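K.L.:
Curious how this folds, go ahead:
(2 chains)
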Amino acid sequence: MTSIARARKVWLVATVLFGLSAVVACGGSSANSPPAAAAVAPNPAEDDIAEGLMEHHRNHHHGGVTLFIAMSLDTLGVSPEQQAAVEKIRKELHAQMEPARTAEQSVTVALADGLAAGTIDTTKVDTALAQVSAAAATAHEASAAALNELHAALTPEQRGALVDKVEAHWAVWQKANAEETASDRPEGGHLSSLAKDLALTDAQVQQIRASLAEGMKAVPRLDPQEIAAHLHAFGEAFRGDTFDAKSLTTASGADAHIVARGTAQMAHFIETVSPVLTPEQRSELAARLREHSSHDPSASANP
Amino acid sequence: MTRTRQAPMIRNVVLALGVLATGCGVEVGAGYPGGDYDVYPPDAFIATTAPVYFEGHAAYWYGNRWYYRDGNHWNHYDREPPALYQRRMQAPSARRAYEAPRGRAVGRPEARAPGRR
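P.N.:
The predicted model follows:
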């Protein structure tokens, strides 16, 4: 055999051995790999949990973005070692939002009382609404220390996940509180939900829709760009290695505006629909409002 | 050895390397295709579901795929990474239920069976 022939033989054997090792290596990996799963498009409308979140964001607004942050901790998926510290921070955030929650509760109870009595005391409701806005404006500043602790307690990927969740809550909140007009009929809005809950007739829905534009004039406008800009600033800051909640100058305004809009929309919506409802429907709606005012599911502990 | 004679041997080695790289990628690797992502986890799902942290991302099992945030977009693994598969089989993603449908109050997370969203 010539030297060239020997060299070619060595290369050939090396190549075959290398190829075999590749197949064996991949075969071993394949044995541990999961079966392929075909992508299936789920139907979000069938998701009861998603519906429940919409219901929550239609009825609980206190805290604004601060509430979104606290709720995001519920499913952040922290390690057992982090659990106690994060739960302590979560409770602290809810404690700092308690004045706004109590004020919101006063609005809901005033509406429920008015529905049950057949006449809503709008002066009482408006006074309670003003108290909600004032309390919400202080939520972020009061929570700043807890937010800083939270940043320190989380890993970089957990911080990113929290920002994603906060933005997701804002998107759901917007859908749940979309403005109802004669032409805009959001599927997840207040009227759509009420129509299902109280089995409203088509005539009642049309009557309510005709009154909504006038009834909702007193609801303060909310600039989504303002909230989006704040969430962007929060996201950039919170993903960073260092974070100071007090440096977020747009936070208090964003919290207050979300809470003012959400609570006022709920109140004026109830005031608008009340005259159209039957006594039984008013009684049922009052019971539902009392139920919402008496519980705060987002504040309860995670298992 | 001349350049002409070396060429087939080098080609063989390159092919073998290709088998190793491509073969393993197909079987267990994660793909990052630039295709369309019409289906991705909706906001309400992200807000109520605990992720699994993997390769520096928060990954969510949704619609029989693992999705993760990649900058301003959602991306997914074309093939389920074994570590995520094992995690999914061991512990289903916990979900938080805030209100029962039609306004009945609840407040506890709900764990879904493996393989379900």
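K.L.:
Check the nearest residue to A:Gln174 once chain neighbours are set aside and give its pLDDT.
P.N.:
Take A:Gln174 and drop its neighbours on the chain: the residue closest to it by Cβ to Cβ, 6 or more residues apart in numbering or on different chains is A:Pro224, 6.8 Å away. Quick note: C-beta positions are derived from backbone N, CA and C, even for glycine. We have a pLDDT of 93 for A:Pro224.
K.L.:
Surely A:Pro224 and A:Lys175 touch.
P.N.:
No. Applying Cβ atoms under 8 Å as the test, A:Pro224 and A:Lys175 come out as separate, 11.8 Å apart.
K.L.:
Comparing those two, which shows the higher neighbour count?
P.N.:
Between A:Pro224 and A:Lys175, A:Lys175 has the larger neighbour count (other Cβ atoms under 10 Å in any protein chain shown), namely 19 against 9.
K.L.:
And the more buried one, how far from chain B?
P.N.:
Note on A:Lys175: its distance to chain B, by Cβ to the nearest Cβ, to the nearest Å, is 8 Å.
K.L.:
in the stretch 1-150 of chain A, which spans are helices?
P.N.:
A:3-32, A:48-59, A:65-72, A:80-117, A:122-136, A:139-153 (DSSP state H, counting those that start in this stretch).
K.L.:
packing partners for the second one?
P.N.:
Counting contacts by 3 or more Cβ pairs under 8 Å, 6 or more residues apart in numbering or on different chains; DSSP states H and E, helix A:48-59 is packed against helix A:156-176, helix A:190-198, helix A:251-273, helix B:43-48.
K.L.:
let's see it at 7 Å
P.N.:
helix A:156-176, helix B:43-48 (3 or more Cβ pairs under 7 Å, 6 or more residues apart in numbering or on different chains; DSSP states H and E).
K.L.:
which stretches of the stretch 51-200 of chain A have low pLDDT?
P.N.:
Along the stretch 51-200 of chain A, segments meeting pLDDT under 70 span A:181-188.
K.L.:
no, scratch that, I was asking about chain B
P.N.:
In chain B (pLDDT under 70), the answer is B:1-38, B:101-117.
K.L.:
Spell out the secondary structure type for B:Arg69.
P.N.:
strand (DSSP: H, G, I helix; E, B strand; the rest coil).
K.L.:
what does B:Ala58 give?
P.N.:
On the basis of three-state DSSP, B:Ala58 is classed as strand.
K.L.:
quick one on the thing from earlier: return the most buried member of the helices of the stretch 1-150 of chain A.
P.N.:
Mean neighbours per residue, mean count of other Cβ atoms under 10 Å in any protein chain shown, is largest over these for helix A:65-72, with a mean of 27.
K.L.:
roughly how far is that one from the heart of the chain?
P.N.:
Centroid separation between helix A:65-72 and its chain, computed with Cα atoms, centre = their mean, to the nearest Å, is 7 Å.
K.L.:
Just the CA trace of that helix, in CSV.
P.N.:
Extracted as CSV, the C-alpha positions of helix A:65-72 are listed here (Å, rounded to 0.1, in the frame of the first residue of the first chain):
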residue,chain,number,x,y,z
VAL,A,65,-50.0,49.7,38.6
THR,A,66,-49.0,49.0,42.2
LEU,A,67,-51.9,46.5,42.3
PHE,A,68,-50.7,45.0,39.0
ILE,A,69,-47.3,44.5,40.6
ALA,A,70,-48.7,42.9,43.7
MET,A,71,-50.9,40.6,41.6
SER,A,72,-47.9,39.7,39.4
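K.L.:
what angle sits between it and helix A:122-136?
P.N.:
70 degrees (axes from the mean of the first three to the mean of the last three Cα atoms, to 10 degrees).
K.L.:
Helix A:65-72 packs against which elements?
P.N.:
Helix A:65-72 sits against helix A:80-117, helix A:139-153, helix A:156-176, helix A:251-273, with contacts defined as 3+ Cβ pairs under 7 Å, 6+ apart.
K.L.:
which residues touch the closest residue to A:Gln82 other than its chain neighbours?
P.N.:
Excluding its sequence neighbours, the residue lying closest to A:Gln82 (Cβ to Cβ, 6+ apart) is A:Ala153, at 6.1 Å. Taking Cβ atoms under 7 Å, 6 or more residues apart in numbering or on different chains, we find A:Ala153 in contact with A:Gln82, A:Ala85, A:Val86, A:Ile89.
K.L.:
Which residues of the stretch 101-250 of chain A lie near chain B?
P.N.:
The stretch 101-250 of chain A comes close to chain B at residues A:Glu157, A:Gly160, A:Ala161, A:Asp164, A:Lys165, A:Ala168, A:His169, A:Ala171, A:Val172, A:Asp197, as judged by Cβ under 7 Å from any Cβ of the partner chain.
K.L.:
how close does the residue nearest to A:Gln82 sit to A:Glu167?
P.N.:
For A:Ala153, the distance to A:Glu167 equals 20 Å [Cβ to Cβ, to the nearest Å].
K.L.:
could the helices and strands packed on helix A:48-59 be laid out in a markdown table, adding distance to A:Ala110?
P.N.:
Output for the helices and strands packed on helix A:48-59, formatted as a markdown table (distance: least, Cβ to Cβ, whole Å):
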| stretch | distance to A:Ala110 |
| --- | --- |
| helix A:156-176 | 22 |
| helix B:43-48 | 29 |
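K.L.:
A:Ser211 is nearest to which of those?
P.N.:
Closest approach to A:Ser211 among the helices and strands packed on helix A:48-59 is made by helix A:156-176 (20.9 Å; Cβ to Cβ).
K.L.:
if we look at that closest one, which residues are touching it?
P.N.:
A:53-54, A:57-58, A:65, A:68-69, A:71-72, A:76, A:78, A:151, A:154, A:186, A:188, A:224, A:227, A:231, A:235, A:238-239, B:43-44, B:46-47, B:51, B:53, B:56-58, B:69.
K.L.:
Mind exporting the C-alpha coordinates of that helix to CSV?
P.N.:
Only the C-alpha atoms of helix A:156-176 are listed here, as CSV (Å, rounded to 0.1, in the frame of the first residue of the first chain):
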residue,chain,number,x,y,z
PRO,A,156,-32.8,39.1,36.6
GLU,A,157,-35.1,36.6,34.8
GLN,A,158,-37.7,36.9,37.5
ARG,A,159,-37.6,40.7,37.2
GLY,A,160,-38.2,40.4,33.5
ALA,A,161,-41.1,38.0,34.1
LEU,A,162,-42.6,40.4,36.6
VAL,A,163,-42.5,43.3,34.0
ASP,A,164,-44.2,41.0,31.5
LYS,A,165,-46.9,40.2,34.0
VAL,A,166,-47.5,43.8,34.9
GLU,A,167,-47.9,44.7,31.2
ALA,A,168,-50.3,41.7,30.8
HIS,A,169,-52.4,42.9,33.7
TRP,A,170,-52.6,46.4,32.1
ALA,A,171,-53.7,44.9,28.8
VAL,A,172,-56.4,42.8,30.5
TRP,A,173,-57.5,45.9,32.6
GLN,A,174,-57.9,47.9,29.4
LYS,A,175,-60.0,45.2,27.8
ALA,A,176,-62.2,44.8,30.9
